[in-house]
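Enquirer: build me a model:
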Amino acid sequence: AIHADPTQLNQVLINLCANAVHAMDEKGTLTVSLQEVQLGQKGTRHKVNLKPGFYVLLKVADTGKGISPEVKERIFDPFFTTKKVGEGTGMGLSVVHGIVDNHGGMISVESTPGKGTAFNIYFPVVEKAFAATKDITTPQYKGDEHILFVDDEEGLVELAAEMLQLYGYTVTCKTSSKKALEAFRTAPDNFNLVITDQTMPDISGVELSKELLKIKPDIPIILCTGYSAKISEEMAERIGIADYFLKPFDTDKLLRSVRKVLDGSE
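Expert: The predicted model follows:
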């Protein structure tokens, strides 16, 4: 067993899997595996700077375009990204690195340009007695409301929807803002909340929000936006958006925002 925050581990998986999907252009194989390994033994193939002992190894591997040695050296730096403007904040892997480090673990990357990339994450194993008695704070933001989730990154949409469904929500996913608007216009009362990205090809998140609010003025909307997007929290509030934060979203923060907005609390 490991001693960890489930919502933060969920965020690690969402960020790594979303990056993998992006690297493969939605064509390829994404593999997620988990195994217990022992470090410090002679002949071990795990060359990492960690204390000897037992660890849980979480591996996320893809068959995408791979990472060059130059990029690999900076991949965990905040705001460093190879994505085009509007496609990401450059904070995803930095956030992942911070979470793993806070859990006493380590993350490493193996990559071959043109063949793929594998992220290896090591978490220290704790004694079963300790794991059973240690108080782990797990935020519970469960609900049964219907959420319309809109983002043009299909992999991110699927992962976020799966996470929200784990907490009891019904989720309708749309990777096109136009199709999201059509779905909402057809049955506005079916939805209790809308979560939308800002930067999308057809209609931006702000423009989509304006149209949704014309149809149903009391629909709560959460806007997720990249670091470089030209919108502020104040602007979002003036439009009538209930909550706003930067991507990549923190899983705990998103779940807290969902409940805050749906409950109408501060």
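
Enquirer: I147 should be in a strand, yeah?
Expert: Yes. The assignment for I147 is a strand, going by DSSP: H, G, I helix; E, B strand; the rest coil.

Enquirer: thought it was touching T196?
Expert: No. Here I147 lies out of contact with T196, judged by C-beta atoms under 8 Å, at a distance of 10.7 Å. Placement of C-beta: from N, CA and C, glycine included.

Enquirer: if I look at N49, how far off is I2?
Expert: Counting by C-beta to C-beta, to the nearest Å, the gap from N49 to I2 is 19 Å.

Enquirer: and what of L159?
Expert: Counting by C-beta to C-beta - L159 and I2 are separated by 21 Å.

Enquirer: who has more neighbours out of those two?
Expert: Neighbours were counted for L159 and for I2 using other C-beta atoms under 10 Å; L159 has more, 21 against 18.

Enquirer: okay, and for the stretch 51-200 of the chain, where does confidence drop off?
Expert: Applying pLDDT under 70 to the stretch 51-200 of the chain flags the ranges 78-92, 127-140.

Enquirer: at which residues are the helices of it located?
Expert: For the stretch 51-200 of the chain, the helices defined by DSSP state H, counting those that start in this stretch occupy 69-74, 92-102, 128-133, 154-166, 177-186.

Enquirer: turn these into CSV, columns for distance to I222.
Expert: Shown next, in CSV, are those (distance: least, C-beta to C-beta, whole Å):
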stretch, distance to I222
helix 69-74, 31
helix 92-102, 19
helix 128-133, 34
helix 154-166, 11
helix 177-186, 14
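
Enquirer: G143 is nearest to which of the ones you listed?
Expert: Nearest to G143 among these is helix 154-166 (8.9 Å), distances taken as C-beta to C-beta.

Enquirer: which parts of the stretch 151-266 of the chain are strands?
Expert: 170-174, 193-197, 221-225, 243-246 (DSSP state E, counting those that start in this stretch).

Enquirer: okay, the ones you listed in CSV with mean neighbour count next?
Expert: Output for the strands of the stretch 151-266 of the chain, formatted as CSV (neighbours: other C-beta atoms under 10 Å):
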stretch, mean neighbour count
strand 170-174, 18
strand 193-197, 25
strand 221-225, 25
strand 243-246, 18
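
Enquirer: adding distance to V258, write the ones you listed out as a markdown table.
Expert: Below are those laid out as a markdown table (distance: least, C-beta to C-beta, whole Å):
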| stretch | distance to V258 |
| --- | --- |
| strand 170-174 | 11 |
| strand 193-197 | 7 |
| strand 221-225 | 7 |
| strand 243-246 | 9 |
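
Enquirer: tell me which of these sits nearest to D101.
Expert: Among these, the nearest to D101 by C-beta to C-beta is strand 243-246 (20.7 Å).

Enquirer: what about the closest one, average pLDDT?
Expert: On average, the pLDDT along strand 243-246 is 84.

Enquirer: what's it packed up against?
Expert: Counting contacts by 3 or more C-beta pairs under 8 Å, 6 or more residues apart in numbering; DSSP states H and E, strand 243-246 is packed against strand 221-225, helix 233-239, helix 251-263.

Enquirer: I231 touches E237, doesn't it?
Expert: No. The pair I231 and E237 fails to qualify as a contact (C-beta under 8 Å) at a distance of 10.7 Å.
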